[in-house]
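**Q** what follows is a protein structure lacking sequence information:
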């Protein structure tokens, strides 16, 4: 019954988004192909769903009914129709397809539109401001405000309020720890659940139709949807601790590729090198810590007030129900003091005014931008598209006349960066991931666009050379956390490939499709993998792989080299050498061992906030002989492991890969207070500054 109510509410909120926020949303028909009439083991773990292929049309009509039939109606598609509408599908065993409709939105832009709409209604909003601790009333012990820090300027200030609400998603418990006086722990209330995603080129699916695999090999759902001109493949979530960096495990990427192939035509091979970007997102699963014993973890939202601190938190729920969640938490906090009934169901979000379906045509006629750019602007900024276009500069071409592209193959234009700075964008990461979706769509394309983004933002925000350099460095580190065409295993260990995977890598390096790798292509891939080669190193490596000495590397030569024992040993020696440098840089007191304080210090210096509990867990994993200190050998063995639940190894590895250790500092930030760095490599630059 609870699940039914939750789904009904989701459909009502979906109706609000699709009706009122047409500049941000659209309907997507999703195909459910059936290859047999009876399925065992049954989907959803219930015997009745073994007959899902027979029941599907009725199930989807019931799904339509939950939205009071305000969505486009579900329907049946025959095998012949499927061949026409979804030519990428394999038609070998398909009995028929059921098609239902789901809503899709530009989630990053929706988020910005909500914040700007709140500001228009009188709210004070601030990005990059972090709560550092609570302000407590001396008499009651209640939290009456927060101490905050502007993470851009470093300025600290105090904010007082009658009511304080935490809405930290999967990181809510970290916020809650700051509502208690120092030394007092909070009972965990929110658990993270991650869903992995990969992005493939748009030709793998029709531009207006997706696919649902309801019965994957491990029981999870798999969605295969058109998105921003590409195809996004995503899974439902797995419970795990939330992380700040998005990189998904390689095994998740491989699993998704394998599952996708089941339904696609045998003529359409999905290769590992087709993955343009890959990432994970986290959602919160919440329980009320202040409820009576036996409360369940919820996929719906939970609102709870701490009776000792007076702070309320909200967690859980779904993107679809964002408005309902806001209404519910404010109703609870304000109680009988609220001014009246909530009217947000009548509000059109920022950009909705001035939007209409003919707007792209008007934009093309007035500004001479391409149709692709016009459609993108309208479905992102709505009626505010005119403000973006006012910042456009001429292309110098006969067509399109305006709208200088940010990177080839995508509709983003330079004017959007200038407009984003006006809308409070502060970092290059903001632009590449949230104001445009380049990092999510194509991590390599985002890297190509990065220098130009830095130039424009420096002009708009008045960055000096030092700030610009630091911004570029931070953005490069962030982009390294996305997956791409080239597989990494756990960020450090080299993945020695099967023949088929090695051929995919060969084709990826062979950019001109000649069937051979030349020295320039080898040099480019080394740079992309974070290990640029000198001319001497390049010459020696090329000579080693090119066994027949004909000046070009064939596929057989490449596969033989990558799987050779000597190559494996060389890579292992390299990784161990770099791991030793990391160890020596963390060991600030030069004792030859690492202690818990040194591990904590390095996370701070790398800009991450690990809790004492997480540091203790990492320390115990490393300290295999339980002597209370970590030796070099213990550290190397731990870095060689494939499992990294804490994300600490990824943190070290991403910095190791992002920098040439022989030429530049691994980290240039100042150490935290109380930590003195004794440098060992003063003549050549520190790997960890």
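**A** Cool, got the structure. Predicted model, so just to flag it, every value in this text is computed and none were measured.
**Q** quick check, pLDDT for residue 647.
**A** Residue 647 is assigned a predicted lDDT (pLDDT) of 65.
**Q** burial measure for the nearest residue to residue 384 once chain neighbours are set aside, as a count.
**A** The shortest distance from residue 384 to any non-neighbouring residue, by Cβ to Cβ, 6 or more residues apart in numbering, is to residue 351 (4.8 Å). (C-beta placed from N, C-alpha, C; glycine too.) The number of residues packed near residue 351 is 25, by other Cβ atoms under 10 Å.
**Q** I'd like to know how far residue 351 sits from residue 110.
**A** Taking Cβ to Cβ, to the nearest Å as the measure, residue 351 falls 10 Å from residue 110.
**Q** end to end on stretch 209-222, go ahead and measure it.
**A** The first residue of stretch 209-222 is 15 Å away from its last residue (Cα to Cα, to the nearest Å).
**Q** other residues contacting it?
**A** With contact meaning Cβ atoms under 8 Å, 6 or more residues apart in numbering, stretch 209-222 is reached by 28-33, 39, 43, 45, 52, 85-86, 89, 205, 223-226, 233-236, 238, 255-256, 258-260, 262-263.
**Q** quick check: buried residues in that stretch?
**A** Neighbour-count burial for stretch 209-222, counted by 16 or more other Cβ atoms under 10 Å, picks out 209, 210, 211, 212, 213, 214, 215, 216, 220, 221, 222.
**Q** which of the residues you listed sit farthest apart?
**A** Using Cβ to Cβ, the buried residues of stretch 209-222 span at most 21.5 Å, a distance reached by 209 and 220.
**Q** just the ones of the buried residues of stretch 209-222 in strands?
**A** Mapping the buried residues of stretch 209-222 onto strands (DSSP state E) picks out 210, 211, 212, 213, 222.
**Q** are any of the contacts of stretch 209-222 buried, and if so which?
**A** Buried among those (16+ other Cβ under 10 Å): 28-33, 39, 43, 52, 85-86, 89, 205, 223-226, 233-235, 255-256, 259-260, 263.
**Q** returning to what we had before: which residues do residue 351 and residue 110 both contact?
**A** Counting by Cβ under 8 Å, 6+ apart, the common neighbours of residue 351 and residue 110 are residue 24.
**Q** residue 176 against residue 186, yeah?
**A** Yes: taking contacts as Cβ atoms under 8 Å, residue 176 lies within contact range of residue 186: 4.7 Å.
**Q** please identify which of these two sits among more neighbours.
**A** residue 176 (24 against 17).
**Q** quick one: the helices in the stretch 351-500 of the chain?
**A** Using DSSP state H, counting those that start in this stretch, the helices found in the stretch 351-500 of the chain span residues 359-367, 371-381, 385-389, 414-422, 428-429, 438-441, 443-461, 465-479, 499-509.
**Q** please name whichever of those helices is nearest to residue 543.
**A** That would be, of the helices of the stretch 351-500 of the chain and by Cβ to Cβ, helix 499-509, which comes in at 16.9 Å.
**Q** mean confidence score for the helix or strand just after that closest one?
**A** Counting by DSSP states H and E, the next helix or strand C-terminal to helix 499-509 is helix 519-528. Here helix 519-528 scores 80 as its mean pLDDT.
**Q** which parts of helix 519-528 are buried?
**A** Within helix 519-528, the residues scored as buried using 16+ other Cβ under 10 Å are 519, 521, 522, 523, 525, 526, 528.
**Q** excluding its backbone neighbours, what's nearest the fifth one?
**A** To tie it back to what came earlier, the one meant is residue 525. Leaving out its chain neighbours, the residue that sits closest to residue 525 by Cβ to Cβ, 6+ apart is residue 509, at 4.7 Å.
**Q** for the one you found, list the residues it contacts.
**A** By Cβ under 8 Å, 6+ apart, the residues touching residue 509 are 517, 521, 522, 524, 525, 558.
**Q** how about residue 558?
**A** Per Cβ under 8 Å, 6+ apart, neighbours of residue 558: 502, 506, 509, 517, 545.
**Q** mind putting these in JSON lines, distance to residue 378 included?
**A** Output for the contacts of residue 558, formatted as JSON lines (distance: Cβ to Cβ, whole Å):
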{"residue": "502", "distance to residue 378": "44"}
{"residue": "506", "distance to residue 378": "42"}
{"residue": "509", "distance to residue 378": "39"}
{"residue": "517", "distance to residue 378": "43"}
{"residue": "545", "distance to residue 378": "50"}
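**Q** by pLDDT, give me the weakest of the residues you listed.
**A** Lowest in pLDDT among those is residue 502, which has 69.
**Q** got any ranges where the stretch 301-450 of the chain has weak pLDDT?
**A** Along the stretch 301-450 of the chain, the model assigns pLDDT under 70 to no residue.
**Q** let me know the closest of the contacts of residue 558 to residue 370.
**A** Distances from residue 370 to the contacts of residue 558, taken by Cβ to Cβ, are shortest for residue 509, at 32.0 Å.
**Q** which residue is the nearest non-sequential neighbour of residue 544?
**A** Spatial nearest neighbour of residue 544, chain neighbours left out: residue 561 (6.9 Å); criterion: Cβ to Cβ, 6+ apart.
**Q** also residue 78?
**A** residue 96 (5.9 Å).
**Q** gap between that neighbour and residue 208?
**A** According to Cβ to Cβ, residue 96 stands 20 Å off from residue 208.
**Q** more neighbours: these two, which one.
**A** residue 96 (19 against 11).
**Q** can you report phi and psi for that one?
**A** Main-chain torsions, residue 96, degrees, to the nearest 10: phi -170, psi 180.
**Q** do the same with the one 3 residues further on
**A** As for residue 99, its main-chain torsions (degrees, to the nearest 10) stand at phi -120, psi 130.
**Q** for stretch 76-88, what is the distance to the chain centroid?
**A** 33 Å (Cα atoms, centre = their mean, to the nearest Å).
**Q** returning to what we had before: quick one: contacts for the residue nearest to residue 384?
**A** So residue 351 contacts 23, 24, 109, 113, 381, 382, 383, 384 (Cβ under 8 Å, 6+ apart).
**Q** show me which of the residues you listed is closest to residue 472.
**A** Proximity of the contacts of residue 351 to residue 472 (Cβ to Cβ) peaks at residue 109, which lies at 24.8 Å.
**Q** could you tell me whether that closest one really is in a strand?
**A** No: looking at residue 109 with DSSP: H, G, I helix; E, B strand; the rest coil, it is helix, so not inside a strand.
**Q** was I right to think it contacts residue 21?
**A** No: using Cβ under 8 Å, residue 109 is not in contact with residue 21; the gap is 10.0 Å.
**Q** wait, isn't the residue nearest to residue 78 in contact with residue 79?
**A** Yes: contact criterion Cβ under 8 Å: residue 96 and residue 79 qualify, at 6.3 Å.
**Q** show me what contacts residue 80?
**A** With contact set as Cβ under 8 Å, 6+ apart, residue 80 has no partners.
**Q** ok, residue 461 next?
**A** By Cβ under 8 Å, 6+ apart, the contact list for residue 461 reads 421, 426.
**Q** okay, it: pLDDT?
**A** As predicted, residue 461 sits at a pLDDT of 97.
**Q** now it: how far from residue 467?
**A** From residue 461 over to residue 467 (counting by Cβ to Cβ), the distance is 8 Å.
**Q** cool, and residue 319?
**A** Distance of residue 319 to residue 467, given as Cβ to Cβ: 34 Å.
**Q** and the strands in the stretch 101-250 of the chain?
**A** With DSSP state E, counting those that start in this stretch as the criterion, the stretch 101-250 of the chain has strands at 129-136, 143-150, 156-160, 165-166, 190-200, 210-213, 222-227, 230-235, 238-239.
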